[in-house]
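> Turn this into a structure:
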Amino acid sequence: MDLHQHLRLMADYHAWALDRLYVEVDTLSDTDYYRDCGQFFGSVHGTLNHLLLVEHLWQARMNHTMFRVSGLDQQLEANRAALKQRLQSFARGWRPFVDGLDAATVAGDLDYRNLQGTPYTLPFASLVLHVFNHATHHRGQASIALLQLGRKAPVMDLPYFLLELPAGKLHAM
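Residues are numbered from 1 along each chain as shown. Predicted coordinates for the structure are as follows:
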């Protein structure tokens, strides 16, 4: 599997894992959904809102556009249902984004600035993978919150996603 195929696989996994998380998140009452569980961003909602913010931020950087934020905890969407729709839409948008990348972009670097304005140049493909890895980190935090709230944590490990793929698709992303 080449790097571009791996990016496609991870983009598909990214959307699948979010859907699996929402199967459990959707069972929470609003009280529990917005309850501060001691996560980096407080509640399940705060964690998912942070994911949306980061998806916007990195996609803007990769498209060489601006997405201004006041901080990584800035609330982009207060409404629970709207946040779910926007976050799932962004997650599903990574596959077409990755499909549209040419080989030079995948193999190249991305110049960007962090929130403080410091410039960086890092491998483009590694930063795309970072978006997916970052989401895994915070899906894990949301899973802990679910457990704290007396719910079950969803199984979102990559091998379970791979097992659901048709055999012919596993190596033909």
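> Name the helix or strand for the residue nearest the centre of the chain, please.
What sits nearest the mean C-alpha location of the chain, by C-alpha atoms, centre = their mean, is residue 135, with 3.8 Å. Secondary-structure assignment from DSSP states H and E places residue 135 in helix 124-148.
> Could you do residue 51 as well?
Assessed by DSSP H and E, residue 51 sits inside helix 44-62.
> avg pLDDT for the helix or strand just after that helix?
Later in the chain than helix 44-62, the nearest helix or strand by DSSP H and E is helix 80-99. Confidence for helix 80-99, expressed as mean pLDDT, is 97.
> ok, residues contacting helix 80-99?
4, 7-8, 11-12, 14-15, 18-19, 22, 25-26, 30, 33, 45, 48-49, 51-52, 55-56, 59, 62, 76-77, 128, 131-132, 135 (C-beta atoms under 8 Å, 6 or more residues apart in numbering). No exception for glycine: its C-beta is placed from N, CA and C like everyone else's.
> Emit the ChimeraX select command for whichever of the residues you listed are buried.
To isolate the buried ones among the contacts of helix 80-99 in ChimeraX, judged by 16 or more other C-beta atoms under 10 Å, type:
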select :4,7,8,11,12,14,15,18,22,25,33,45,48,49,51,52,55,59,62,77,128,131,132,135
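> for the protein, what are the low-confidence residue spans?
Residues of the chain meeting the criterion pLDDT under 70: 172-173.
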